[in-house]
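Q: need a structure here:
(one chain, ligands or ions: 1)
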Amino acid sequence: MGQLNYTNLGYGISCIDAQYVRPGLASCYLIEEDGHAAFIDVGTNHSIPLLIELLNIKNIPVENVDFIIPTHVHLDHAGGAGKLMQLCPNAQLIIHPRGARHMIDPSRLQAGASAVYGEIEFKKQYGDLVPIDEQRVTEACDGFNLDFQGRQLNIIDTPGHAKHHFCIVDKTSNGMFTGDTFGVSYPELTVDDQPFIFPPTSPVDFNPDDWLNSIDKLMSTQCERAYLTHFCMVKNLNPLADALRDRIKIFAKFAKHASTSDALTQQIKAYFIDEISATGCQLSPENLFKILALDIDLISQGLRVWLEKKPQK
Ligand SMILES: [Zn+2]
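A: Numbering: from 1, shown residues only. The predicted structure follows:
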């Protein structure tokens, strides 16, 4: 387990480093309202002690955690949800209807991921997933409105990265918690306050048309800031939305025209080098690939899965 590292972002919102894979890769968010807490995205089982430590620092008893809200059921967002629910006796889990059964019975999630990583590596990375009592799970559809101690949190269904993905709009901060839908932007790649943002087209649900619609939906909220899971807060959202739209289309095009999966991976790598060096980023290609290795892998895997599923014209 890593050390607690968190940032207060105003409006009672804290960004906590989940210490998943490396520092600066995945965030969890704590919202405080009137002595109560809600968590949005919780990292893995290994992140949970950090979230509890922050509650202690803020003098919020675990009994006052009202809501635990993973944006979707990928394990870097929801892997620790069951464990956190055990520690927070009054919390309700708020989850996309397509993700609920995997939180109630995580055996399929665990078996699927163990098959990918191997049992030992899975246990090391994620620990055992803890099931959540059905009575404590609320399925939230598009338009669902959550009253958190008088603070309004609105759920927007946002497929494209995953079919079980929603985002949460917080009127108080005029911000939205976007999970992976509003892309990935690592602090190391920000140059002159300009974040570099890209769509994580990870397996198995990538859908470019759905994703473009979801970005339009998010932008129609007129929110001023987006709280990304990977990583932390971004502002000035219009140019970022444009970059995301472009890159969703470009990645889909790469996938359609790539001769082999290896060629696709190489093309994505070359694209990242070109685009990131154009921003004036001083990182060497070697360091760049250290930061992006996992994403490049998942992006090309996800694109291949999408192509295989796509009905051929
Ligand atoms: Zn995800």
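Q: what's near enough to touch the closest residue to the ion within the stretch 101-250 of the chain?
A: For the stretch 101-250 of the chain and the ion, the shortest gap (C-beta to the ion) falls at residue 180, measuring 4.1 Å. From N, CA and C alone the C-beta is placed, and that goes for glycine too. Counting by C-beta atoms under 8 Å, 6 or more residues apart in numbering, residue 180 makes contact with 71, 72, 74, 77, 161, 162, 165, 200, 202, 229, 230.
Q: Then residue 42?
A: 18, 28, 48, 51, 68, 70, 77, 78, 79, 80, 81, 84.
Q: Just the mean pLDDT for the helix or strand hosting residue 266, thanks.
A: Assigned by DSSP states H and E, residue 266 belongs to helix 261-278. In this model, helix 261-278 has an average pLDDT of 95.
Q: other SSEs contacting that helix?
A: Under the contact definition 3 or more C-beta pairs under 8 Å, 6 or more residues apart in numbering; DSSP states H and E, helix 261-278 sits against helix 237-257, helix 285-309.
Q: which outside residues touch that helix?
A: Under the criterion C-beta under 8 Å, 6+ apart, external residues in contact with helix 261-278 comprise 189, 196, 198, 250-251, 254-255, 258, 283, 285, 288-289, 292, 296-297, 299-300, 303-304.
Q: what ranges do the helices span in the stretch 51-200 of the chain?
A: 75-78, 81-87, 100-104, 107-117, 119-126 (DSSP state H, counting those that start in this stretch).
Q: helices or strands next to the fourth one in the packing?
A: It refers to helix 107-117. Using 3+ C-beta pairs under 8 Å, 6+ apart as the test, helix 107-117 ends up in contact with helix 119-126.
Q: Next, the angle from the helix it packs on to helix 107-117.
A: For the pair helix 119-126 and helix 107-117, the angle between their directions (axes from the mean of the first three to the mean of the last three C-alpha atoms, to 10 degrees) equals 110 degrees.
Q: Report the buried residues of helix 119-126.
A: Residues of helix 119-126 classed as buried by neighbour count (16 or more other C-beta atoms under 10 Å): 122, 125, 126.
Q: go on, stretch 28-44?
A: Within stretch 28-44, the residues scored as buried using 16+ other C-beta under 10 Å are 28-33, 36-44.
Q: same deal with stretch 53-65?
A: 54, 55, 60, 62, 64, 65.
Q: Could you list which of the residues you listed belong to strands?
A: The members of these that map onto strands under DSSP state E are residue 65.
Q: Dump the buried residues of stretch 53-65 into a markdown table; add distance to residue 137 and pLDDT as well.
A: Below are the buried residues of stretch 53-65 laid out as a markdown table (distance: C-beta to C-beta, whole Å; pLDDT from 0 to 100):
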| residue | distance to residue 137 | pLDDT |
| --- | --- | --- |
| 54 | 24 | 98 |
| 55 | 22 | 98 |
| 60 | 22 | 98 |
| 62 | 19 | 98 |
| 64 | 20 | 98 |
| 65 | 15 | 98 |
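Q: Now residue 96. Nearest residue, chain neighbours left out?
A: Closest residue to residue 96 apart from its sequence neighbours, by C-beta to C-beta, 6 or more residues apart in numbering: residue 164 at 4.4 Å.
Q: Return the residues in contact with the one you found.
A: Residues in contact with residue 164 (C-beta under 8 Å, 6+ apart) are 72, 73, 95, 96, 98, 99, 102, 205.
Q: how near is the residue in the chain that the ion sits nearest to to residue 206?
A: Closest to the ion within the chain is residue 74: 3.5 Å, counting by C-beta to the ion. Plainly put, residue 74 is 12 Å away from residue 206 if you go by C-beta to C-beta, to the nearest Å.
Q: between the two, who's got more neighbours?
A: residue 206 (29 against 24; other C-beta atoms under 10 Å).
Q: Which of the helices or strands spans the more buried one?
A: According to DSSP H and E, residue 206 maps onto no helix or strand at all.
Q: correct me, but it touches residue 301?
A: No - Residue 206 lies out of contact with residue 301 (C-beta atoms under 8 Å); the separation is 9.6 Å.
Q: Can you say which of the helices of the stretch 51-200 of the chain is packed in most?
A: Between the helices of the stretch 51-200 of the chain, the one whose residues have the most neighbours on average, counting mean count of other C-beta atoms under 10 Å, is helix 75-78 (a mean of 27).
Q: could you dump that one to PDB, C-alpha only?
A: Taking Å, rounded to 0.1, in the frame of the first residue of the first chain, the C-alpha atoms of helix 75-78 are listed here in PDB:
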ATOM      1  CA  LEU A  75     -11.500  -2.700 -11.100                       C
ATOM      2  CA  ASP A  76      -9.400   0.500 -10.900                       C
ATOM      3  CA  HIS A  77     -12.700   2.300 -10.100                       C
ATOM      4  CA  ALA A  78     -14.900  -0.200  -8.300                       C
END
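Q: No more questions from me, cheers.
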